[in-house]
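**Student:** everything below, folded, please.
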Amino acid sequence: MPKHLFQRWHGLHMIWGGVLLVAISSALTWYEWIFGIVAFTLTGALFYYIIRAEQTFRREMNDYVLTLSHRVKKAGSEVIQEMPIGMLLYNENKEIEWHNPYAGQIIGNDSLVGKDLFELFPMLRSKKDKEQIAEISLEGEYYAADIRPEERLIYFTKISEYVTLLRKYEEEKLSLGVVMLDNLDEVSQGMEDQTRSLMLAKVVSLITEWSQKNGIYLRRLASDKFLILMQQKTLRQLEAARFEILDDVREMTCDFKLPLTLSIGIAAGIDSLTDMGSLAQASLDIALGRGGDQAAVKMGQRLSFYGGKSNAVEKRTRVRARVISHALRDLMKDSDKVVIMGHRFADMDSVGAAIGVLKAAKLLHKEGYIVLEAINPSIEPLMEQIEQHEELSKWFITPEQALQITNPHTLAVVVDTHKASMVAEPKVLEQTNRVMVVDHHRRGEEFIDDAMLIYLEPYASSTCELVTELLQYFQERITLEDIEATVLMAGIVVDTKSFSVRSGARTFEAASFLRRHGADANLVHHMLKEDLAAYLEKADIIKHTEIIYNRIAIAATEEERFITQLTAAKTADTLLNMQGIVASFVIGKRPDGVVAISARSFGELNVQVVMEQLGGGGHLNNAATQLEGVTIEEARQQLLHVIEQIAEEEGFVE
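**Tutor:** Numbers count the residues shown, from 1 in each chain. Okay, the predicted model is just below:
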C-alpha cells in the first residue's frame with residue numbers, strides 16, 4: 001500500500017476510536033457524574049497516548065520510507081553506472097552534457113562532456129530530429145542508437161551478435177538461377193558433329209570450373225541450359241566480378257564465325273522456392289529479350305544487369321517470324337477492331353511499323369486505327385505524304401478517340417516500345433486484355449503486363465523490319481500500296497542510318513521485299529532532307545562539345561535554349577562521325593521543358609547501359625533518355641558520373 005494511503009487509514013481508525021470513547025463517557029455522566037469524570041479522565045489519557053503513538057508511528061514510517069528511497073536511488077544510480085547500456089545527454093548545441101561510463105567505453109574515452117555529438121558520432125548527423133532507432137558502427141562493433149530528441153537523450157545498446165547472426169542468415173539464403181547458351185543453334189549451324197561436340201564440351205567444362213570455384217551447385221537441364229543454386233554471399237561475389245564467365249565463354253569461342261554467348265537469369269531474396277524459380281526464368285527471359293550475353297539478377301525489388309557488351313546475334317531462321325505472324329492473324333480474326341500505338345513523340349520507325357500493322361488488319365477486313373499524339377517535327381515530312389492519301393490518313397486518331405472505341409474485345413498492338421508508360425495512351429491497355437508487343441529495343445525492367453503475344457527481337461535494325469517480316473508470312477500473296485512500302489522503308493533507313501549500322505542480312509532482305517512492292521527510295525530521301533536552319537543549329541550545338549577520355553564527345557546546349565529530339569539525335573550522329581570519337585552524347589532541353597539526352601556509339605562503350613542508369617534505354621550503340629525537373633548542368637553532371645562508373649567497370653579508362 002502507498003505511504004500516504006496507509007497513513008490516512010491508520011489516522012482514521014484512531015479518530016473513530018476517540019469519538020467512541022467520548023460518546024461512552026457522555027452516557028456515563030448522564031447516569032452518574034462521578035463515573036463520568038472518571039471516564040473523561042481515562043478518555044483524555046487515552047487521547048494523549050493515541051496522539052503520541054500516532055507521532056511515533058509516523059516518524060518510524062518516514063524513517064523507513066527515507067531509508068527505502070535511499071536504497072532505491074542508490075541501486076538506480078549503480079544500475080545506470082554499471083549496466084551495459086550507454087546513456088548520453090546533450091544540449092541544444094549538440095554538445096554532450098552527461099553520459100554514463102558505458103557510453104564512454106563505446107568511444108574509448110572516459111569523459112565525453114563538452115564534446116560535439118556529431119564529431120564523436122558522425123553517422124547521426126543525417127538523422128532527423130524525431131524519435132528513431134538507428135544502427136551505427138564503432139570500432140568494429142554495432143550499436144542500436146535510440147534517439148529521444150525531446151529529452152535530448154540517446155541510449156546505446158550493443159547489437160553486434162544480432163547483426164552478425166542476421167548477416168550470416170542473409171548470406172546463407174538460397175539464390176536460384178538458370179544459365180543458357182543463347183545462340184548455340186546459330187553458332188553451330190553448318191558445323192560438323194565432332195566440331196560441335198568439342199566446342200560444347202569446352203564450354204561446359206569452363207562453366208563447371210566456374211561453378212566449382214565459386215561454390216555453386218550446377219545441374220545440367222538440357223544441352224544448352226543449366227540450373228544453378230548458390231548462397232547470396234556467392235551471388236554478391238559474382239556481381240562484384242560482374243559475372244566474368246560471360247567474357248570467358250565469349251573469348252574462348254571467338255575463333256568461330258559467331259562467338260558463343262551465355263544468358264543468366266537469377267532470383268534471390270524470396271522465401272518461396274516456387275516463386276524464386278518463376279522469377280529466375282523471368283530474369284532469363286529479360287536477359288534474352290535484351291539480346292543475350294548478359295546476366296539479369298532479380299533481388300527483391302532490384303533488377304540488375306551485367307554484361308551485354310556485344311550486339312544481339314541476328315537469328316538466321318525465320319521460324320519465329322512465321323509463327324508470330326500466324327498468331328497475330330488469329331488474334332486479329334478473333335477481335336472486333338485493332339488499335340495500334342507507338343511511343344510518345346513518334347518517329348519514322350514507330351509510324352512506319354504502325355502502318356504495317358494497319359495493313360495486316362486491312363487484309364483481314366478489320367477496322368484498324370493508329371493512335372498519334374501531337375506530330376513530332378521529325379515526322380512532319382512523312383505526315384505530309386500520308387495526308388495526301390486519304391484512304392490511309394483517315395485511320396489516324398487521337399488518344400481521346402482511342403479511349404472511346406476501345407473495349408475488352410479490341411486488340412491493342414504496341415510497336416517500337418515495350419513500356420506501358422511510354423505509349424501514346426496507356427489507359428487503352430487497361431481497357432482491353434488483348435495486347436501484342438512488337439519491338440526491337442533491348443528489354444528493360446518495365447514491361448507491359450499480361451501481353452498475349454510478344455515479338456521482341458533486339459537483333460533487328462528496326463520495328464519496321466520486324467513488321468515487314470510478319471507481313472511476308474501473313475498471307476500467301478500480299479500487295480502493298482506504294483506509300484505503305486515507302487513508309488516502312490523510311491523507318492528502316494532512319495534506324496540504320498542508311499544501312500550503315502545494325503544492318504544484317506535480314507535487314508536487306510526486308511528492304512528488298514519493300515523495294516519490290518513499290519518503296520520509293522527517292523521519296524524516302526526527300527522526307528529525310530535537312531534544311532539549312534537545322535544544319536546551322538546542329539553546328540552551333542557542336543561548338544559546345546567537350547571531349548572526355550580522349551574518345552567520348554559530350555555536347556550540352558545553353559540553359560535557355562530549346563531543341564527538338566530529332567536535332568539532338570542528328571547532332572549525336574554527326575559527332576560520332578568525327579575522327580577518334582567512339583561515343584557521343586547530346587544534352588538539350590525540349591520545347592516541353594524536359595531535358596533529353598541522345599547517345600550514340602560504335603559499340604566500344606555500351607550507351608544503352610549508360611542511358612538505363614538515367615532512366616532511359618535503347619541499344620548498345622543507339623540510346624536515349626529524358627530527365628524531368630533538372631537543369632542542363634545537372635543532367636550533364638549526372639551523365640558524367642554514370643559514364644565514369646561504367647567506363648571504369650568495363651575497363652574503358654586507359
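**Student:** contacts and neighbour counts: CA atoms only from here.
**Tutor:** OK.
**Student:** how many residues are close by Glu387?
**Tutor:** Other residues lying near Glu387 total 13 when counted by other C-alpha atoms under 10 Å.
**Student:** pLDDT score for it?
**Tutor:** pLDDT, Glu387: 91.
**Student:** any idea what the residue most central in space within the chain is bridged to?
**Tutor:** Centroid-nearest residue in the chain, with C-alpha atoms, centre = their mean: Arg302, separated by 5.4 Å. Arg302 forms beta bridges with Met299, as assigned by DSSP bridges.
**Student:** paired strands for the helix or strand hosting Val437, with orientation please.
**Tutor:** When elements are assigned from DSSP states H and E, Val437 belongs to strand 434-439. Strand 434-439 has the following sheet partners, assigned by DSSP bridges: strand 410-415 (parallel), strand 453-456 (parallel).
**Student:** and for it, what's in contact with it?
**Tutor:** For strand 434-439, the surrounding residues in contact (C-alpha atoms under 8 Å, 6 or more residues apart in numbering) are 408-418, 429, 450-458, 462-463, 466-467.
**Student:** please redo it, this time with the cut-off set to 6 Å
**Tutor:** 411-417, 451-456, 463 (C-alpha atoms under 6 Å, 6 or more residues apart in numbering).
**Student:** ok, of those, which come out buried?
**Tutor:** 411-417, 451, 453-456, 463 (16 or more other C-alpha atoms under 10 Å).
**Student:** CSV for those residues, including distance to Gly580 and pLDDT?
**Tutor:** Listed next are those as CSV, based on distance: C-alpha to C-alpha, whole Å; pLDDT from 0 to 100:
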residue, distance to Gly580, pLDDT
Leu411, 48, 95
Ala412, 45, 96
Val413, 42, 96
Val414, 38, 96
Val415, 35, 96
Asp416, 32, 93
Thr417, 32, 92
Ala451, 44, 85
Leu453, 43, 88
Ile454, 39, 87
Tyr455, 37, 91
Leu456, 34, 88
Thr463, 31, 94
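**Student:** dump the residues you listed into JSON lines; add distance to Glu92 as well.
**Tutor:** Shown next, in JSON lines, are the buried ones among the contacts of strand 434-439 (distance: C-alpha to C-alpha, whole Å):
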{"residue": "Leu411", "distance to Glu92": "65"}
{"residue": "Ala412", "distance to Glu92": "62"}
{"residue": "Val413", "distance to Glu92": "63"}
{"residue": "Val414", "distance to Glu92": "60"}
{"residue": "Val415", "distance to Glu92": "61"}
{"residue": "Asp416", "distance to Glu92": "59"}
{"residue": "Thr417", "distance to Glu92": "56"}
{"residue": "Ala451", "distance to Glu92": "59"}
{"residue": "Leu453", "distance to Glu92": "64"}
{"residue": "Ile454", "distance to Glu92": "62"}
{"residue": "Tyr455", "distance to Glu92": "64"}
{"residue": "Leu456", "distance to Glu92": "61"}
{"residue": "Thr463", "distance to Glu92": "64"}
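**Student:** closest to Arg502 out of those?
**Tutor:** Nearest to Arg502 among the buried ones among the contacts of strand 434-439 is Thr463, at 12.4 Å by C-alpha to C-alpha.
**Student:** which ones are touching that closest one?
**Tutor:** Ala353, Asp416, Asp439, His440.
**Student:** just the CA trace of stretch 221-228, in PDB.
**Tutor:** Written as PDB, here are the backbone C-alpha positions of stretch 221-228 (Å, rounded to 0.1, in the frame of the first residue of the first chain):
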ATOM      1  CA  LEU A 221      18.900 -29.500 -67.700                       C
ATOM      2  CA  ALA A 222      19.400 -29.700 -71.400                       C
ATOM      3  CA  SER A 223      22.300 -29.400 -73.900                       C
ATOM      4  CA  ASP A 224      22.100 -25.600 -73.700                       C
ATOM      5  CA  LYS A 225      20.600 -25.000 -70.300                       C
ATOM      6  CA  PHE A 226      21.800 -25.300 -66.700                       C
ATOM      7  CA  LEU A 227      20.300 -24.900 -63.200                       C
ATOM      8  CA  ILE A 228      22.500 -23.200 -60.600                       C
END
